[in-house]
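Participant: Here's my sequence, what's the structure:
(chains A and B)
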Amino acid sequence: MTAWAPPRYAHRVQPHRGGVEEARVAIVGGGLVGLTAALDLARRGVASVLLDEDDTVSAGSRAICFSQRTLEIMGRLGIGPRFLKKGITWNRGRVFFRDREAYSFDLLPESGHEYPAFVNLQQYYAEQWLVEECEVSGLVDLRWRSRVAGVAPREDGAVLEVETPSGPYRLHAEWVLACDGVRSQVRRALDLPFTGQVFDDRFLIADVRMRADFPTERWFWFDPPFHPGQSVLLHKQPDDIWRIDFQLGRDADGEAEREPERVRARVAAMLGKAVPFDLEWVSVYTFRCRRLERFRHGRVLFLGDAAHQVSPFGARGGNGGVQDADNLGWKLAMVLRGEAPERLLDSFDAERVPAADENILHSSRATDFITPKGAACRAYRDAVLELAHDLPLARPFVNSGRLSRPAVLRGSPLNGPDEAPRAAPPGTACPDAPIRRDGQPDWLLRQFGGGFTLLAREAHPVRMEGLRVVELRDSPRPGALHDHSGLAAARLGLAPGECALLRPDQHIAARFATTAPDPILAALRKAVMA
Amino acid sequence: MRLRREPNIADPDALYAALMEAHRGLDEEASRRLDAKLVLLLANHIGDEAVLREALHLARGTIPGQDKAPATD
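Facilitator: From the prediction side, this is the model:
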């Protein structure tokens, strides 16, 4: 198999007429999150200028576990099937302690979803596909080798100082989305504090190319004989690439640990001498769990790692950032079209700050378990792992990363009533389910389009402005979705005659016992802060 | 339910001796691990988070809500 080669994107010289160029939306940073935001806006008909200081996708595999919710978002953006085709689907995790397996677990994937719980995929593939789709959309002005050197916020947006190989220029954008990562230049330019917990342990990530007959599983070792006193993670990616993550401890020398020979020795000790391998990518890192106090600062909004940073355990960095973009896209599009007041964007803070806190909490707890500080913490950690071998009661305590679940936006100011609480309360991302349309098998989440949807079970709601009505029927009927398995109604908690109001990001905004229009229209207004 | 505060062990001397016996011959680290296992096993058996948190505070010497009205059982 030939190695993947990074694409190189050309820097196009901008025709400067002097003065300040105008744009409605500027996105700073063309990584996973910035590109997702750009494509989401493009799908809603909103043009943007995307500025990236590099001329290619990310180096190394970086984020590798794409969660079901991320895959559903990519599905909505039209590239979900590519993730399924190229990515590696896995369900089983194994935990080892010292020289034996402690236990294994199944993610217990529920059937009846278009996308699995996780697929593993190098981040650069996702970015490459997003770039392609942004280009095809004709609405994303991708500007490579364009570094944002200064940001001057104003009432009506911000003026960006852009440096390029063909000279600097100024760009005034009505809205700026800062998606420029953990070392965000925009965040620094605005001098915003980025605070939280620092973890001292160093980690080594090695992406290794090898032909190995390990099963497609997530393997996590605590204190293994080949790397005593530390933890190791092994995870499979496409193209015969394997992610290996070595905990190095606090006193490790980052420079020395990056030396290829040193890395080779560590990998060889783990795999045994018989397995030949090539090193693809190596990185040594420490990490922090921190966030900005607020993600909206006037006309500048922060997404992804620029807004919040988590440890890698639990697959919450990339997935969290994609959910930020999912949350913001429809709101910004409605504000730009004059369909919602600007204060709708405050709900980006109200919804995504708690989501970031949830990710930070899980990620910090996993890190504390994996890297115990002090003798008491280690005693508890080892006690859990020793008990886990024989006693299932101890296994829920083992924390090698609680894998990302979609945030439930409880307490969001956009949530309306739940007149018939059963499953999936307001704020939940709508669960997928198999359905039939005109006799053909299809998926529920593909039926909603880009706006607000009223999903009604066994009911025929009147026409309401600003709402697309989708009928869910227990038996086949032309133009309606046939819930042949009953899973759609069960997962949404809809009894006959009830309906759910779904937002453009497929989150449930409210649930109603009847299809009487007044409460539905009131909830619709609340969901856009009208 | 609240944490039981009255004696509840039929033969306290025997239990105490059994605890000491369990630690005999263990180094500091192994002793700690033993205690941790005991805590985890008993915590799982009790299963009542309010009781466990009360025990945690009692052990730490930080007893919240002590000045509040007694809880109704």
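Participant: Could you check the pLDDT of residue A:110?
Facilitator: pLDDT recorded at residue A:110 is 83.
Participant: gap between it and residue A:445?
Facilitator: 14 Å (CB to CB, to the nearest Å). Quick note: C-beta positions are derived from backbone N, CA and C, even for glycine.
Participant: again, but for residue A:327
Facilitator: For residue A:327, the distance to residue A:445 - CB to CB - is 16 Å.
Participant: go on, residue A:412?
Facilitator: 20 Å.
Participant: more crowded one of these two?
Facilitator: residue A:445 (22 against 19; other CB atoms under 10 Å in any protein chain shown).
Participant: Tell me the secondary structure at the nearest residue to the more buried one once chain neighbours are set aside.
Facilitator: Leaving out its chain neighbours, the residue that sits closest to residue A:445 by CB to CB, 6 or more residues apart in numbering or on different chains is residue A:432, at 4.6 Å. The three-state assignment at residue A:432 reads coil, by DSSP: H, G, I helix; E, B strand; the rest coil.
Participant: What's the local residue count around residue A:432?
Facilitator: 23.
Participant: Next: the one 5 residues further on.
Facilitator: By the other CB under 10 Å criterion, the neighbourhood of residue A:437 contains 16 residues.
Participant: Is it bridged to anything, and to what?
Facilitator: residue A:440, residue A:481 (DSSP bridges).
Participant: distance of it from residue A:490?
Facilitator: 19 Å.
Participant: mind checking how far stretch A:215-235 is from the chain centre?
Facilitator: 25 Å (CA atoms, centre = their mean, to the nearest Å).
Participant: Check stretch A:290-302 too.
Facilitator: 18 Å.
Participant: now swap in stretch A:212-228 and tell me
Facilitator: With CA atoms, centre = their mean, you get 26 Å for stretch A:212-228.
Participant: isn't residue A:313 right up against residue A:371?
Facilitator: No - taking contacts as CB atoms under 8 Å, residue A:313 lies outside contact range of residue A:371: 9.8 Å.
Participant: Which one's more surrounded, those two?
Facilitator: Set residue A:313 next to residue A:371 and count neighbours by other CB under 10 Å: residue A:313 wins out with 26 against 21.
Participant: dump the residue contacts of that one.
Facilitator: Residues near residue A:313 by CB atoms under 8 Å, 6 or more residues apart in numbering or on different chains: A:363, A:366, A:367, A:370, A:400, A:401.
Participant: Any stretches of the chain with poor pLDDT?
Facilitator: No chain specified, so I'll use chain A. Chain A contains residues with pLDDT under 70 at A:1-3, A:15-17.
Participant: try chain B instead
Facilitator: B:63-73.
Participant: Scan it for its longest helix.
Facilitator: Using DSSP state H to define each element, chain B has its longest helix at helix B:28-46.
Participant: Now for residue B:52, how many residues are close by?
Facilitator: 16.
Participant: Phi first, then psi, for it.
Facilitator: phi -70, psi -40 (degrees, to the nearest 10).
Participant: Show the contacting residues for it.
Facilitator: Residue B:52 neighbours (CB under 8 Å, 6+ apart): B:43, B:46.
Participant: Now do it against residue A:431, distance only.
Facilitator: For residue B:52 relative to residue A:431 (CB to CB), the value is 33 Å.
Participant: and what of residue A:27?
Facilitator: For residue A:27 relative to residue A:431 (CB to CB), the value is 30 Å.
Participant: what about the closest residue to residue A:147 other than its chain neighbours, neighbour count?
Facilitator: Ranked by CB to CB, 6+ apart and with sequence neighbours excluded, the top spatial neighbour of residue A:147 is residue A:53, at 4.0 Å. Residues near residue A:53, counting by other CB under 10 Å, number 19.
Participant: Hmm, residue A:149 and residue A:53 touching each other?
Facilitator: No - with contact defined as CB under 8 Å, residue A:53 does not count as touching residue A:149 (9.6 Å).
Participant: Need the contact partners of stretch A:175-186.
Facilitator: Residues contacting stretch A:175-186 (CB under 8 Å, 6+ apart): A:24-31, A:33-34, A:37, A:48, A:147-149, A:151, A:157-158, A:160, A:187, A:299-307, A:309, A:321, A:325, A:328, A:332, A:336.
Participant: Next step: these restricted to strands.
Facilitator: A:24-28, A:48, A:147-149, A:151, A:157-158, A:160, A:300-302, A:309 (DSSP state E).
Participant: Quick check, central residue of the chain?
Facilitator: Because you didn't say which chain, this covers chain A. Nearest to the mean C-alpha position of chain A, by CA atoms, centre = their mean, lies residue A:319 at 1.7 Å.
Participant: was after chain B, sorry
Facilitator: residue B:55 (6.3 Å).
Participant: Do you have the helices of chain A handy? List them.
Facilitator: A:32-43, A:68-76, A:80-86, A:123-137, A:185-189, A:254-258, A:260-271, A:317-336, A:346-370, A:374-390, A:487-492, A:517-527.
Participant: Buried deepest among those helices, which one?
Facilitator: helix A:32-43 (a mean of 28; mean count of other CB atoms under 10 Å in any protein chain shown).
Participant: Run the angle between that one and helix A:68-76 for me.
Facilitator: Computed by axes from the mean of the first three to the mean of the last three CA atoms, to 10 degrees, the angle separating helix A:32-43 from helix A:68-76 equals 40 degrees.
Participant: So which elements touch helix A:32-43?
Facilitator: strand A:20-28, strand A:48-51, helix A:123-137, strand A:140-143, helix A:317-336 (3 or more CB pairs under 8 Å, 6 or more residues apart in numbering or on different chains; DSSP states H and E).
Participant: Throw the ones you listed into TSV and include distance to residue A:530, thanks.
Facilitator: TSV is the format used below for these (distance: least, CB to CB, whole Å):
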stretch	distance to residue A:530
strand A:20-28	21
strand A:48-51	25
helix A:123-137	28
strand A:140-143	29
helix A:317-336	10
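Participant: So which of these is nearest chain B?
Facilitator: helix A:317-336 (27.8 Å; CB to the nearest CB).
Participant: With only the CA atoms kept, save that closest one in CSV.
Facilitator: Output of helix A:317-336 as CSV, limited to C-alpha atoms (Å, rounded to 0.1, in the frame of the first residue of the first chain):
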residue,chain,number,x,y,z
GLY,A,317,-11.3,17.2,21.4
GLY,A,318,-12.2,16.7,17.7
ASN,A,319,-15.7,15.5,18.5
GLY,A,320,-16.4,18.4,20.8
GLY,A,321,-15.2,20.9,18.2
VAL,A,322,-17.4,19.4,15.5
GLN,A,323,-20.4,19.7,17.8
ASP,A,324,-19.5,23.4,18.3
ALA,A,325,-19.6,24.0,14.6
ASP,A,326,-22.9,22.0,14.4
ASN,A,327,-24.4,24.2,17.1
LEU,A,328,-23.2,27.5,15.6
GLY,A,329,-23.9,27.1,11.9
TRP,A,330,-27.7,27.4,11.8
LYS,A,331,-27.8,30.2,14.4
LEU,A,332,-25.3,32.3,12.5
ALA,A,333,-27.1,31.7,9.2
MET,A,334,-30.4,32.8,10.7
VAL,A,335,-28.9,35.9,12.2
LEU,A,336,-27.2,36.8,9.0
